[in-house]
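A.B. asks: Could you look at this predicted model? Sequence included:
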Amino acid sequence: MKYDAEQVMRRIAELRDQGDEFCVATVVRTEHATSAKAGAKAVITRGGEIEGFLGGSCVQGAVKQAAGAVLAEGAPRLIRVKPKDQVVEQLDIDGVELHKSSCPSGGTVELFVEPMLLAPHLLICGASPVAVALAALGSAMGYRVTAAALEEELPRFTDADRKHAGFDLSTLGVDENAYIVVSTQGKRDREALAAALGSTARYVAFVGSRRKSETLLAHLREQALTADQLAKLSAPAGLDINAIGPEEIALSILAEIVSIRRQTTKAPVTAKEKLFSAAAKLVQAADNGSTAIDIYPKCC
């Protein structure tokens with residue numbers, strides 16, 4: 001199928017609406033004879049299908065390989081496809097990643113491959129003050145926020161992207177990229193925690209004391225949850241920044257989530273995350289009695 005620029009842009013919109021992750025490759029420069037010219041774009045799906053025109057099979061193979069790595073790392077990269085007799089190293093003299101081409105035209109194509117990833121999924125169980133504060137903070141940080149709570153408590157969430165009555169999480173698209181925080185404050189704690197730990201979420205945290213967490217885990221051991229599932233629980237939730245009050249506790253929890261995310265991805269830290277990290281350090285410094293903290297070089 002022949003794709004023009006308008007069709008590629010429509011396809012990008014369709015994939016985003018469907019909640020799919022994919023890459024966009026753009027030809028940024030060419031040398032000598034090439035079939036694709038600067039400005040050409042294409043979509044590369046998770047399955048490796050190229051939708052758009054970037055050039056012949058040699059270019060397509062390089063783009064597919066790069067797209068797989070970009071999606072895995074969550075970071076864009078620049079690649080250069082050159083005639084194979086000109087490629088002796090993995091990187092060109094200017095540091096650009098090189099790929100070999102057997103195309104008889106002998107042209108060079110430079111492409112920028114960028115990931116189009118879904119925002120991380122933050123699922124909050126319960127409608128406590130901490131839960132409501134966490135929904136607001138998570139939304140401000142660009143997370144896809146789902147609030148799961150008793151139906152009569154859902155109106156408390158004005159910042160959630162999605163609201164779900166009850167704690168059956170099976171229809172909420174929870175996967176290994178989800179982060180679940182249980183903050184039920186005594187309202188069906190065990191049910192919510194069992195559903196969260198039984199999921200494939202990367203992170204499950206409980207807002208409550210260590211003693212209460214241990215008591216709940218003792219009960220959950222009798223509900224067919226495995227030792228590995230129980231071991232996923234982070235409790236009490238959040239980093240120890242001496243937080244007091246719902247907003248500071250929510251800050252400590254999201255700080256822990258950011259830390260875990262960045263341990264498993266090479267994606268660049270965003271400006272919001274830098275400012276968020278600075279805020280967490282300020283809270284910790286204030287509670288430790290400090291009057292000043294040097295955060296400027298680290299966050300700007």
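C.D. replies: Structure received. Numbering: from 1, shown residues only.

A.B. asks: For the stretch 51-200 of the chain, which segments count as helices?
C.D. replies: Secondary structure of the stretch 51-200 of the chain (DSSP state H, counting those that start in this stretch): helices at 57-73, 129-140, 189-197.

A.B. asks: could those helices go into TSV alongside distance to Val182, mean neighbour count and mean pLDDT?
C.D. replies: C-beta coordinates here come from the backbone N, C-alpha and C atoms, glycine included. Output for those, formatted as TSV (distance: least, Cβ to Cβ, whole Å; neighbours: other Cβ atoms under 10 Å; pLDDT from 0 to 100):
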stretch	distance to Val182	mean neighbour count	mean pLDDT
helix 57-73	30	19	91
helix 129-140	9	22	96
helix 189-197	5	22	93
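
A.B. asks: Quickly list the domain ranges of the protein.
C.D. replies: If you go by automatic domain parsing, the domain ranges for the chain are 5-116, 121-291.

A.B. asks: Can you tell me how far Lys100 is from Ala243?
C.D. replies: 54 Å (Cβ to Cβ, to the nearest Å).

A.B. asks: same question, Leu225
C.D. replies: 28 Å.

A.B. asks: Same question for Gly95.
C.D. replies: The gap separating Gly95 from Ala243 is 43 Å, by Cβ to Cβ.

A.B. asks: between the two, who's got more neighbours?
C.D. replies: The residue with more neighbours, out of Gly95 and Ala243, is Ala243; 21 against 7, by other Cβ atoms under 10 Å.

A.B. asks: I'd assumed Ser252 was in contact with the more buried one.
C.D. replies: Yes. The criterion here is Cβ atoms under 8 Å, and Ala243 meets it with Ser252 at 4.4 Å.

A.B. asks: wait, what's in contact with the residue nearest to Gly126 when sequence neighbours are not counted?
C.D. replies: The shortest distance from Gly126 to any non-neighbouring residue, by Cβ to Cβ, 6 or more residues apart in numbering, is to Thr184 (3.4 Å). Counting by Cβ atoms under 8 Å, 6 or more residues apart in numbering, Thr184 touches 125-126, 128, 149, 192-193.

A.B. asks: what do you get for Leu225?
C.D. replies: 194, 197-198.

A.B. asks: got it, and Tyr143?
C.D. replies: Contacts of Tyr143 by Cβ under 8 Å, 6+ apart are 119-122, 179.

A.B. asks: Can you redo the helices of the stretch 51-200 of the chain as JSON lines, where the extra columns are distance to Gly173?
C.D. replies: Below are the helices of the stretch 51-200 of the chain laid out as JSON lines (distance: least, Cβ to Cβ, whole Å):
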{"stretch": "helix 57-73", "distance to Gly173": "18"}
{"stretch": "helix 129-140", "distance to Gly173": "16"}
{"stretch": "helix 189-197", "distance to Gly173": "14"}
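
A.B. asks: just to revisit the earlier point, Ser213: which of the contacts of Tyr143 is nearest?
C.D. replies: Ser213 has its nearest neighbour among the contacts of Tyr143 in Tyr179, at 17.4 Å by Cβ to Cβ.

A.B. asks: What is the burial count for the closest residue to that closest one other than its chain neighbours?
C.D. replies: Of all residues not flanking Tyr179 in the chain, Tyr203 sits nearest, at 4.4 Å (Cβ to Cβ, 6+ apart). Residues near Tyr203, counting by other Cβ under 10 Å, number 23.

A.B. asks: Alright, I will stop here.
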